[in-house]
Structures are given as structure tokens and as C-alpha cells.
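Participant: Give me a model of this one.
(2 chains)
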Amino acid sequence: MDILVCVRRVPDTSENEIELNAEGNDIERDELVYSVNEPDNYAVEEALQIRDRVGGSVTVVTVGGEEDEEVLRRELAMGANQAVMISDDAFSGSDGRGIATILKHFVQKGHYDLILTGVQADDGAGQIGGMLAAMLDYPYASLVNSITVEEDKLRVSREVEGGNKEINEIEMPCVLSIQTGINEPRYVGMRGIRQVASVPIATLTAADLGIDPATVGERVAKVTRIDYFVPALGQGAEMLHGGRDENAEKVLELIGAKGGAK
Amino acid sequence: MPRIFAYIQHRAGVVDDSATDLLAAAKQIDANLAPTAILSGFGADLDAACTSLRSIFGEIWKLSNQVLAHPNAELVRQALMAILPRNGILLVAHDHFGIDLSPGLSIKLNCAFVPDVLAINRIEGNSVELVRQEYGGQVSVHVRCDISAGGVINIRPGAFKTEQISAAPAVIVDKSPEVGVLTTRRRYVETIVAEAGDVDITKHNVLISVGRGIQEEDNIVFAKELAEVLGAAVSCSRPVVDAKWMEKSRQVGSSGKTVKPKVYLACGISGAFQHLAGIKGNPFIIAINKNPKAPIFQVANIGVVDDILEFLPVLIEKARESRRLAA
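Facilitator: Model prediction:
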């Protein structure tokens, strides 16, 4: 089975506190630590596990720039067969539809039985997979938390309310968005990344993919960010400013008072 | 002003709570406009759900088809493509169904899509200004959406203030004949109900809940010790389950359990809305987090900015001490 996984590099929220910049038009990006979008990491792991069970290949692709190459290197170190960078000035300012359009052209240049995305990025909208599927006329399932290969189709579980699982059969080729927790992504160390340092990563431009620049980018984006802000807090928490001992005593007292001490 | 539609989910004849959210969102676009509800399904359940909405929506469009008895987004999308006028605005709840349905629908309708919207500020000409959150709610963002060709807008459940509205009984329009034959390459098989865990976190008065801030599986012992001393239960947020450090049955949130404790001690939990959606009954929330900007502090009653790995051992010691004194 030939599998494509769409990945993205994003600010890592487990490593950063996200704050507004002074102008309020963006988040403060100085000194941010970036990493691969967490759900994408699960998607890559799932693709690798399927390939290792049934054979085939795993290709990872990202739409971005030079700085995004590190996430492709990381996926190669995990075991992806090849990595592709799609990059062009014309793509700048694309909304979700624009990104999906770019990926559609890439998909149509190759042959993939299965296309995976992460369920959502921290600064994203969880929309690329569904849009891409609609553009390609492929069936789609979101929030997938298990995949079983059954000859020419897949049996997938979707995470629905209350931790319940909705089981679906889906024909290939198809697009799935992968939920976190579907597997345990393998560890990638610096050594693994160094080993793939010289593996070539193909870079494709709008022209390479036959994309009309007028169909992507900022000018045709239907959805654009105006500015970032932090809403005025409602009541907000009463913060305890004592020392650690004092705070702990206060917390303990409140648990007893509010919860009915046992 | 574009025509506004709301796709309403229902089950066993009862409409989903999100129906009132969608109505409230529609009223934010135009307070005087009675939006049109669209319901799909089959049989008596669908009829009951349609009837129950007659006093709050302006018009109700019914899509009855045997293959729509279970809401498969792939089929519902096709049905909606057949009946929705171009340039309309469709509101959908941003839940597991709306996430499945809407991005693809916007492509098929060739219109804009914005997910997980918390507020609709204003419409000016062909554009609407919306509010979303990014980075787990750490920052909000104003988004401009071009609705000249219509739009699909997914609404965050619970984000819109609902008010009691009553309208003249709405007419139910049967749109089923316009839909034609629906086919799909994705077939619904069954729903597997989540297993009950060893501890039922929905039954406890005090929950010690751990999040990403616990950092390692071995550190969960702090929460367990504290729970034992206090007679509480340990629950958690999604990252802890994803890491396989705790059972899914311990997870609080929209994809986990809905809990109603008296006290909720959130330890190293940032407070993403999916997590907060699982906390009901207005408990007293105490949050401990080393990030002073964590969204959990917006909803907590009491906040402590500290590293839980340093704070919890002190809390456990104090709790033991007070139990010794009481004994």
C-alpha cells in the first residue's frame, strides 16, 4: 500500500507559552520552539506500521519553506521512504482551501492508496483532510483512532462522544484524519536524524505541479486572520501568592471546605 | 443578508443540545431573522425531532431517507449539496459530526469554511468577522471570512449564550424528493460503547486531575497518593491517555467522561475547551500550573502558579499531617 502523510511544523505548545507580540497582530514568535504537529506524528507512525504489516511505501509531504525541512528529516528518520517539500512564493497566505488545492495537485501527480493527515494543528482548523478528500472525490473519515486493513478496504474507528468508537468501512483510495493516541510514535534521536542528513528531499514548485498561482495564496483566500488578542478575563481565578507551603495549606483547606472533607 | 441555515443533529427523536447554540449563533448574525433548521434521518425519530423544533426555528427542512438513519457525514454532505441554495450560510455544531461533514461540504459548495467559532461579531457586505481560538485557547484570533459565495461555519458547542425564543409554529418542508439517490464508499458498521474502567470518575466528589504537566508516567503516583489521603479519585486530560499512562475511562472531556465533582483539582492541565467540556455541575476548580497564562486560570476559582512536581509532594505531606492530627 502506498501511503501519503501530510505533515506540518508548528510552534510546540508543550515547550512554549504562547503570547501576543507587541503589535497584537500575531503571536510572539521570537525564541519559539517548533516541532512537528503532534497529531501528524501519530499519522506518520500509523502509516509506517501499516506499511510494515502489508508492504508498500510511506511518503511525507509538507507545504512550507526551508525552515520546515527539519520535520521532513525527522519523518525520514522515523522510517518514511521519501519526503517531499512543496514550496513557492505564490503559496504565501493560502487559507485551508489553498493548501488543500496545492496538495490535490501533488496527489494527482502520484498514486496513493491512503492519505493521512493529523486531526488538527494547534494553530490550525482540522480542515485539510476533509477538503482534500472532497477535491479528489475520495471518501473521508475524521478523528480516526484505529485502522485495520481488509483486502481492498479499511476498517476504521472514529472517536465520537464519551470515548465511544464509531466503526466504519471505507474504500480506498481514501483520506483519513488521525487522532492522537492511535499508537505510540517511535522515538527519534539526534543520531537517527543525522543518519538521514544526506537523504535528498525533493522540492516542488507551483510550476512543477501545474498549479495556477491565481488559484492559491493570499489574494484568493476566503478566510484570513485579522489580529490576535487575549480576551478580557471574566472573573478569572483568585491567585494564591503565598509560598509553596502556605499555598498548599490553603488548597487543602479549600478542598475540605468545598468537597466535604473525608 | 444571506439566508441562514442550521444543520441540527438528533438521536432517538431528541434534538442535540447544540440546536440552541446554533440558534444563538444565527441570532448573532441577525437578531430579527428566523433561521431555517435542516434535519436528516428517517422515520418516526426524524419526525419527532422536526416537530420539537417548530416553536424556535422559522422553517424546518426535513431530509428523510433510509440510508440517513445513522448520520454518516459522507451521505449527509451529498444530501445537503442537493438542497442548499448557493450563497447561504450553514451553521453546524463543531463536534465529531461537524468536523467530519463541514470541510468537504465547503469545497463541494465552493464557499468559505471556518471551524470552531466562538463568536460572530458582524457582517459587513460580503464579509463576516468571527472569533476563534488557537494554541489550546492561549490566544484568540479575529478571522475575516468572505461569504460572497456563502459559508459553512462550525460553532463551538456552549460558546454562545442562548436565550429562550419562541416563534410562530414553523412549517416543516419535506425536501427528501430533491435529494435523489445517495451512495457512499464509507459504510457505517456499528458504534462500540466505551468500556467502564476500574474507577468511575463520574461518581466522585473530589477529583485530582492530571495533565501534560505530570511529564512522566512515574509521576502519576503523586496524584494517586494525594487521592488516597483525601479519599478522592484520579482523573486526567487527553495527553495522559494518549501517552498510555492512564486508562481512557479516566479521561475528562468531550471525547472522555463528563464529570460533576464538588472539587476539581486541575494539576498541570492547560484547560483546552475539549477538556473543560467534560466538567459540569459548576464544581470548585483549583488549578495548579506553572504557566501563568494557562487558559485553565480563566475558569478556575483558585489558581496557583507552580510546578505540580514540586507542589504535589508538599500538598501530600500537608494532607497526611492534617489527617494524623485529626486521628
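
Participant: leaving aside the residues next to it on the chain, what's closest to the closest residue to chain B within the stretch 1-150 of chain A?
Facilitator: Closest residue of the stretch 1-150 of chain A to chain B, CB to the nearest CB: A:G130 (3.1 Å). C-beta here means a position set from N, CA and C on the backbone, and glycine is covered the same way. Of all residues not flanking A:G130 in the chain, B:P103 sits nearest, at 3.1 Å (CB to CB, 6 or more residues apart in numbering or on different chains).

Participant: Check B:N219 too.
Facilitator: B:L309 is the one closest to B:N219 (CB to CB, 6+ apart), at 6.0 Å.

Participant: where does the one you found sit relative to A:S14, distance-wise?
Facilitator: According to CB to CB, to the nearest Å, B:L309 stands 15 Å off from A:S14.

Participant: which of these two has more neighbours?
Facilitator: When B:L309 and A:S14 are compared for neighbours, B:L309 comes out ahead with 16 against 13, by other CB atoms under 10 Å in any protein chain shown.

Participant: and chain B, what are its domains?
Facilitator: Using automatic domain parsing, the domain parsing of chain B gives B:4-178, B:201-326.

Participant: Mean pLDDT added to the ones you listed, as a markdown table?
Facilitator: Listed next are these as a markdown table, based on pLDDT from 0 to 100:
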| stretch | mean pLDDT |
| --- | --- |
| domain B:4-178 | 93 |
| domain B:201-326 | 94 |
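
Participant: would you list those domains in JSON lines and tack on distance to A:R74?
Facilitator: Formatted as JSON lines, these follow (distance: least, CB to CB, whole Å):
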{"stretch": "domain B:4-178", "distance to A:R74": "21"}
{"stretch": "domain B:201-326", "distance to A:R74": "19"}
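
Participant: My read is that the residue of the stretch 1-150 of chain A closest to chain B contacts B:D100, right?
Facilitator: Yes - counting by CB atoms under 8 Å, B:D100 is a contact partner of A:G130 at 7.3 Å.

Participant: Please enumerate the shared neighbours of those two.
Facilitator: A:Y140, A:S142 (CB atoms under 8 Å, 6 or more residues apart in numbering or on different chains).

Participant: where exactly do the helices run in chain B?
Facilitator: Taking DSSP state H as the criterion, chain B carries its helices at B:18-29, B:43-52, B:73-83, B:96-108, B:220-230, B:238-242, B:273-276, B:296-299, B:308-326.

Participant: From the contact counts, what lies against the longest one?
Facilitator: Using 3 or more CB pairs under 8 Å, 6 or more residues apart in numbering or on different chains; DSSP states H and E, the elements in contact with helix B:308-326 are helix A:244-259, helix B:220-230, strand B:284-289.

Participant: Check which helices and strands the first one sits against.
Facilitator: If I follow you right, that is helix A:244-259. Going by 3+ CB pairs under 8 Å, 6+ apart, helix A:244-259 lies up against strand B:263-267, strand B:284-289, strand B:302-305, helix B:308-326.

Participant: B:G151 and B:R144 touch, don't they?
Facilitator: No - using CB under 8 Å, B:G151 makes no contact with B:R144, being 11.5 Å away.

Participant: More neighbours: the two, which one.
Facilitator: Remark: of B:G151 and B:R144, B:G151 carries more neighbours, 26 against 19, as counted by other CB under 10 Å.

Participant: residues contacting the more buried one?
Facilitator: Contacts of B:G151 by CB under 8 Å, 6+ apart are B:P2, B:I89, B:L90, B:S106, B:C111, B:A112, B:F113, B:V114, B:V128, B:C145.

Participant: swap the cut-off to 7 Å and go again
Facilitator: Shown in contact with B:G151 (CB atoms under 7 Å, 6 or more residues apart in numbering or on different chains): B:I89, B:C111, B:A112, B:C145.
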